[in-house]
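Participant: with the input below, show me the fold.
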Amino acid sequence: MKNYEPRGQARGCHNTVNKRSRIVYLFDEINEETSLDVVSELMEMDTDKKRRPIRIFISSPGGDCGYGFAIIDVLINLTCPTIGIGVGDLCSMAPAILIACTSRCMTEHAQIMLHPITVGTGDYVKFAKSRVMNAETVEKMYDEFFLKRTSIPKKFYMRAKDKELWLSADEALKYGIIQKVIGRPEPKKAKKCKEEKA
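Facilitator: Sure thing, here's the model as predicted:
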């Protein structure tokens, strides 16, 4: 899905609705277009004098690390608080954007997927080597950011270097990736026993 605009809606109309409700949607591959849309919406909403929270709904297959970190750097430097809401699948770069939010949650059927960074090396050997070296730097940056902002054990996290690591909403909660699972009924409080009259 290359088109970030919702079907049947003009971009201007879509953004007007977002500004009024202070909601940003990231439901696409993370690339130049989606990064520009998200960053521009965030920065415009951040001018709100009342510093009302900005909600960000995320369901993305991931994408370009550079454009993903552009969104992250803006998120962590906003003056308004942000609420990241994970729905559906949050893959690759998407979970890092989620944990960049001030507070974050997921719906009970949402999932997170982590995996090793991929590199396109269809070029001259010297250029390919440079890209691999840069990819290793970016991957280290991603790993440090993820481990710093969550409580996931490093040993468990490193499983994502050999295969795809899928986490349920409950596991994301367990490892401090989110603070709440949406849609989960609150535990019932025990009824207080009535004191017997003497």
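
Participant: which secondary structure elements does the lengthiest helix in the chain contact?
Facilitator: The longest helix of the chain (DSSP state H) is helix 125-149. The contact analysis (3 or more CB pairs under 8 Å, 6 or more residues apart in numbering; DSSP states H and E) places helix 125-149 against helix 65-75, helix 94-99, helix 154-157. To be clear about C-beta, it is placed using only N, CA and C from the backbone, and glycine gets the same treatment.

Participant: could you say what helices and strands the second one packs with?
Facilitator: Taking 3+ CB pairs under 8 Å, 6+ apart as the contact definition, the neighbouring helices and strands of helix 94-99 are strand 54-60, helix 65-75, strand 82-91, strand 111-114, helix 125-149.

Participant: report the distance from the last one to the chain centre.
Facilitator: On the basis of CA atoms, centre = their mean, to the nearest Å, the separation between the geometric centre of helix 125-149 and that of its chain is 19 Å.

Participant: how about it: buried residues?
Facilitator: Residues of helix 125-149 classed as buried by neighbour count (16 or more other CB atoms under 10 Å): Ala135, Val138, Tyr142, Asp143, Phe145, Phe146, Arg149.

Participant: quick one: contacts of the longest helix of the chain?
Facilitator: Contacts to helix 125-149, defined as CB atoms under 8 Å, 6 or more residues apart in numbering, come from residues 65-66, 69, 72, 93, 95-96, 99-100, 114, 116-117, 119-121, 123, 152, 154, 157.
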